[in-house]
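**Student:** everything below, folded, please.
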Amino acid sequence: NVKVEEFESQESKSPLNDLNKEFDDKSLSIYSKYFSEVMKKNKQTKLFGIDIINNAKDTLMPESIGKNYVLGSGDMINVKIWSEVYTDNQNTSQVIPLEINKQGTIFIPNVGSFSVTGKSIATLQNEIITDGKKKLKYFNAEINLEKIREISIFVLGEVNKPGQILTTPYTNILNLLNKAQGITDKASLRKIKIIRGNQEINIDLYAYLLGNKNVDDLKLKDGDTLVVPVVKDLVVIEGAVNREGIYEFNNEPDYKSLITIA
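**Tutor:** Numbering: from 1, shown residues only. So this is what the prediction gives:
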């Protein structure tokens, strides 16, 4: 048997209240007693996902950045050049350290200026090699990322330390919430919003916490605002399920869908 019980917030009335209609007076009395016992037992139980988020570790920059990394203002790169203009021997190279400026460009002496923002390391490297070979007799180049840029994200709502957070493009949403010193026990995990300019992106973290989506695919961008609202509808699921606990209800069509989550 699996019993599903509801925590109803004062802010909203959950569709789960329809469950009460299935009981006669006697059954309601039994239900109320059972619900009271569930409440006592789960008094110290945390909402599913809180511990996962609050224990998430920061994503460190990998030692070797892939060539698909998308460059932007503030990134530091090393451009290794093989050319007789730079060295006496074409088998030796010279490394030129460059920072991508606020306009998103770099300048390489004897080769020219390049627009960088939004291009991968591989794309920029190919452009530099193509232009260099047009202007110099012998030319080759290789780009490596020396230092990754910082991005600014605002985190608002049910987090322990709201405000501006400086991080890197490698930070995913779980890392960011951890940097905000975690979420409160009133936080909604299924109605999080990312505000990006005039765009509003709705995030249901359960899809990521349950392994249905890869959280590293959910990247934030410079200037994003992450809003964690107050949770409205909660249910307790216990019995013959793999993971008993308190869950957030988010317009599931039936009880089977709720039980599947657990």
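
**Student:** I'd assumed Val241 was in contact with Ile259.
**Tutor:** Yes - between Ile259 and Val241 there is a contact at 6.3 Å, judged by Cβ atoms under 8 Å. All C-beta atoms are positioned from the backbone trio N, CA, C, and that covers glycine.

**Student:** hang on, Asn54 packs against Ala180?
**Tutor:** No - counting by Cβ under 8 Å, Asn54 sits too far from Ala180 to count as a contact (10.0 Å).

**Student:** neighbour count winner among these two?
**Tutor:** A side-by-side neighbour count of Asn54 and Ala180, using other Cβ atoms under 10 Å, places Ala180 first with 23 against 16.

**Student:** just the pLDDT at that one, thanks.
**Tutor:** Looking at Ala180, its pLDDT stands at 92.

**Student:** nearest residue to it in space, please, no chain neighbours.
**Tutor:** Spatial nearest neighbour of Ala180, excluding adjacent residues (Cβ to Cβ, 6 or more residues apart in numbering): Val159 at 3.9 Å.

**Student:** show me the helices in this structure, by range?
**Tutor:** Here the chain has its helices, by DSSP state H, at 25-41, 50-54, 121-135, 173-179, 206-209, 255-261.

**Student:** helices or strands up against the last one?
**Tutor:** In other words, helix 255-261. In terms of contacts (3 or more Cβ pairs under 8 Å, 6 or more residues apart in numbering; DSSP states H and E), helix 255-261 is packed against strand 2-8, strand 233-239.

**Student:** for it, which positions count as buried?
**Tutor:** Leu258, Ile259, Ile261 (16 or more other Cβ atoms under 10 Å).

**Student:** now these as a markdown table including distance to Ala187?
**Tutor:** Formatted as a markdown table, the buried residues of helix 255-261 follow (distance: Cβ to Cβ, whole Å):
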| residue | distance to Ala187 |
| --- | --- |
| Leu258 | 19 |
| Ile259 | 23 |
| Ile261 | 17 |
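
**Student:** quick one: which of these is nearest to Glu127?
**Tutor:** Ile261 (48.0 Å; Cβ to Cβ).

**Student:** distance check, the closest one against Leu98.
**Tutor:** 49 Å (Cβ to Cβ, to the nearest Å).

**Student:** just give the number of residues close to Ser152.
**Tutor:** Ser152 - counted by other Cβ under 10 Å - has 11 other residues nearby.
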